[in-house]
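Engineer: Structure of the sequence below:
(chains A and B)
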Amino acid sequence: MTLLHDPDLGTPAKPGESSVNVVVDGVEVTVPAGTSVMRAAALAGVDVPKLCATDSLDAFGSCRLCLVEVDGRPGTPASCTTPVAPGMSVATQSPKLQKLRRGVMELYLSDHPHEESGCRPNGGCELHDLADSVGLTDVRYGFSGANHQTSTTDASNPYFAFDPTTCIVCSRCVRACDEIQGTLALTVEGRGFESVISAGGLPFMESECVSCGACVQACPTTALQEKTFIEFGMPDRTVKTTCAYCGVGCSFNAELRGDEVVRMVPSKEGGANEGHSCVKGRFAWGYATHRDRVTTPMVRDSFRDEWREVSWEEAIGFTVDRLRAIQSESGPDSIGGITSSRCTNEEVFVVQKMVRAAFGNNNVDTCARVCHSPTGYGLKQTFGTSAGTQDFASVDQSDVMIVIGANPTDGHPVFASRMKRRLREGAQLIVVDPRRIDLVRTPHVEAAHHLQLLPGTNVAVVNAIAHVVVTEGLVDRDFVAERCEADSFAQWEAFIARPENSPEATEAASGVPAAELRAAARLYATAGNAAIYYGLGVTEHSQGSTMVMGMANLAMATGNIGRDGVGVNPLRGQNNVQGSCDMGSFPHEFSGYRHVSDNAVRELFETVWGTALESEPGLRIPNMFDASLAGIFRGLFIQGEDIAQSDPNTKHVVAALSALDLLVVQDLFLNETAKYAHVFLPGTSFLEKDGTFTNAERRINRVRPVMDPVHGKHEWQVACEIATAMGYPMDYDDASQIMDEIAQVTPTFAGVSFDHLDKVGSIQWPCNDAAPEGTPIMHVDGFVRGKGHFVETPYVPTDERANRKFPLILTTGRILSQYNVGAQTRRTANVEWHEEDVLEIHPHDAEELGVADGTWVALASRVGETQMRAQITDRVPQGVVYTTFHHPESGANIVTTEYSDWATNCPEYKVTAVRVRPASVSDPKGSAEPVDVTT
Amino acid sequence: MTLDALVRMANQIAANQVHLPPDEAASRVADHVRLFWTPGMRQELVDHADAGADDLDPVVTEALEQVRTTIPAP
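Structural biologist: Here you go, the predicted model:
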């Protein structure tokens, strides 16, 4: 494949209802009313010279290069700021325009480095490209006048550099930061000749810049450029693929020079990101070739032994011999597997098939167990399927949005930028979170209400909101009557109207003032299109599933389902959480969320797979741990997940892993879990994978290999070889055949294939005969289950409560620059933003405990103790402390407990009673060491 | 299996049916356990109840009468 550039039509599309016919250089073109002349020209195949214009930004009209002549109009208007008019005839080329453009370019070039010296010889400068295109080689003004050529480069950001000598102050970077990213970190300082681009007068790294790279992408010269581009030069080929970080699932053009990745450029064609990205996706991909990658299979008899490098054949033989021996001694149910949301749909599907068909049981679970399993349960109960209801673009039509237990600017930054854009346009925001996340108050955005509830009281708050809706006559009776079950609604209405659900009654538990909650409820119910976005602050609670159902109740009662701008939308943490769940990774259901006890479904799989399948549910991850400690579960295959760091109560997890007779880890790195493994199988990075990811809006995107697997095998091939050696032959020619099988057995994927994806770019499931191009918005004419089902949601306080011994409540989350357990991002320059996890503590609590900012503290719960530095901040309320879990050295999950959601066993990460005290030594505990299983 | 964990899980499921009459709550608990617990887990909790357990919510105890009929023969 050659190097691809997304076409740039100069100005954004204007989706007007009427159309206008214009003629550009003799070519007739029909465009929506309001379209710029520049864009109309581009659509007619006419390229108008430009520097300050790009179709990702509103027209600015400053560079004066895009001048055109319009029949019957005086002068030479800028085509970027001139809208088309019926019958307009435009000329983009004439001697007069040529002269004007040459004059403007001469002025620019007089203060611009020569191509051969200062400006990049590698290319990438649109100004030089334009000069070349008009044959401009000489500048009448010379180069000796006042200029900016002695300015120094700001190389403080690890990923890109700003060279003011090549900057033409076109403001594209400033506008990208404002309009696309919404951070407003950049500005033009000074006037006239003194004008310079500035990150608030600071080096980029010390500024408000979040390193999303939108400015780099927008820059028409080489002033802002990736350091890898400077190092490696102009790429020569492109591979279209999908980011492997969060659940937004951004599309990228991976640009390579030979086999070297030069840069990742977010694709404008990407349905999820439309040309934007964040610091992780655009820049933090160097882990894929990090020296820590393990590329040779390894085995050992005991996890206390040294690793021994072996061939693939020996590693698989070692694995299968032990699995067979365990099953021979302890029965078919004594082994199992865990799939990963960092792997493709095809890789996940094959692993769960290996467990069900080759291992002969349903002991397969996925890391979604510890994040969004309550979403699966709650949305299936109420709506009929486990999926967010909207596409991301839907938020453009929202009038009010509630963000509950999510921190989009850090966890889902590209979608957060879209949210902020809508909020700047006037939509209103309600934040429900114990912590003051950035969205509460950020440039040009301020939440109408921040319901700063106490951790663990989500259900009390959502019930109180619904109580206001029901008792103040705000129910959408027409929607409920037409779309929902009458009986379940009547029962729910009577339940939610009870006095104990009123804001006044719940205030004592939740800490949310009743008047504020009532105002927020009225806003949600009356503002027009109301959307709910939520994250792990909803699910990772003892009532995570109840809360999901509570939100679904609320959306149905107010008629906020089934159209643009509304809905109930889980923001998935990892890139393929949705997909790994879709693929049948849970122990109780096959792909497409169909229970294993459903005879018709099971018979379909038995026919296609050619083997009998178990009809009873298997073990969930926490059950596997308990069963391991009981000695009845003895062998575990883990695909790309670091449960020793990510799962709660590290001591318990480590004890369970240590008790296994066989632990197989397939991963890129020797992670914390691998310390207890007997077999290590090298995995593949997203740059090597061939398959699909499904993002939080159910969008199936292709993941195309940028390079061959460094160790020669795709992950699905390894699972196939294990299954085959176990006596169940599994074989595919390539990943597309796996997707074909998924489509064969999964009705919601019936129309999905690699060929179809290559044609249309991406598809949102359900994709079948009824919806061949996919389904951006679900439940439009009816719910998947038929009528919407209301569920009564009593608030049951968690057993995990602050007490005299552990007086504070710890809650956990993420930070922008790091991702989950940090296995990827800790191996990139992103550590420059976050080199360690810290404990946020309120100034009052810090003073009472004698904790100074930046000093070490010991953080203890009833299950463990760790140490980290304190960060004193009023982001957290008094009585609540907060940390992230990206670094194994501090190991936040050493202190989180075994408590979990009642319906799904999703851990209660968000509520842990703790105590904090100053620590005398700066000696973090480090990750849990192997423990004696008898302890 | 860790019996303490099973008891806690079952009691927690029952606690979240507090809004229902006891017999309906017991049916909900039984359905949930049937759909999401392995036969081995179900059997272990039934055995615990049969041994005279005093740490089970009464709704769970009632639910286990339905659960025991869902456990496949070994």
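Engineer: Can you give me the neighbour number for the closest residue to A:Tyr728 other than its chain neighbours?
Structural biologist: Residue nearest to A:Tyr728 in three dimensions, not counting chain neighbours: A:Ala358, with 3.8 Å by C-beta to C-beta, 6 or more residues apart in numbering or on different chains. The C-beta positions use only the backbone N, C-alpha and C, and glycine is treated the same way. By the criterion of other C-beta atoms under 10 Å in any protein chain shown, A:Ala358 has 24 neighbours.
Engineer: so A:Ala358 sits right up against A:Pro729, yeah?
Structural biologist: No - at 9.2 Å, A:Ala358 does not count as touching A:Pro729 under the criterion of C-beta atoms under 8 Å.
Engineer: OK, contacts around B:Met9?
Structural biologist: By C-beta atoms under 8 Å, 6 or more residues apart in numbering or on different chains, the residues touching B:Met9 are A:Trp902, A:Asn905.
Engineer: ok, back up a step: common neighbours of A:Ala358 and A:Pro729, please.
Structural biologist: Taking C-beta under 8 Å, 6+ apart as the contact criterion, the common neighbours of A:Ala358 and A:Pro729 are A:Ala723.
Engineer: got the residues of the stretch 551-700 of chain A near chain B?
Structural biologist: Listed as neighbours of chain B in the stretch 551-700 of chain A under the rule C-beta under 8 Å from any C-beta of the partner chain: A:587-588, A:595, A:597, A:616-620, A:622-623, A:626-627, A:629-630, A:632.
Engineer: Out of those residues, which end up buried?
Structural biologist: With burial judged by 16 or more other C-beta atoms under 10 Å in any protein chain shown, the buried subset of those is A:587-588, A:597, A:616-620, A:622-623, A:626-627, A:629-630, A:632.
Engineer: what about the closest residue to A:Gly573 other than its chain neighbours, neighbour count?
Structural biologist: Leaving aside its chain neighbours, A:Gly573 sits nearest to A:Cys371 (5.1 Å; criterion: C-beta to C-beta, 6+ apart). Counted with other C-beta under 10 Å, residues neighbouring A:Cys371 total 27.
Engineer: A:Cys371 and A:Asn576: what is the separation?
Structural biologist: Going from A:Cys371 to A:Asn576 by C-beta to C-beta, to the nearest Å gives 12 Å.
Engineer: just A:Arg282 next, same as before
Structural biologist: A:Arg282 sits 19 Å away from A:Asn576, going by C-beta to C-beta.
Engineer: Quick check: beta-bridge partners of A:Arg699?
Structural biologist: Following DSSP bridges, A:Arg699 is listed with bridge partners A:Gln764.
Engineer: and it, how many neighbours does it have?
Structural biologist: 27.
Engineer: Could you do B:Asp47 as well?
Structural biologist: By the criterion of other C-beta under 10 Å, B:Asp47 has 13 neighbours.
Engineer: Doesn't it lie inside a helix?
Structural biologist: Yes - the assignment for B:Asp47 (DSSP: H, G, I helix; E, B strand; the rest coil) places it in a helix.
Engineer: Per-residue pLDDT of the nearest residue to A:Ala284 once chain neighbours are set aside, please?
Structural biologist: Nearest residue to A:Ala284 in three dimensions, chain neighbours excluded: A:Thr828, at 4.1 Å (C-beta to C-beta, 6+ apart). A:Thr828 is assigned 95 on the pLDDT scale.
Engineer: unless I'm mixing things up, A:Thr828 is touching A:Arg282, no?
Structural biologist: No - under the criterion of C-beta under 8 Å, A:Thr828 is not in contact with A:Arg282, lying 11.4 Å apart.
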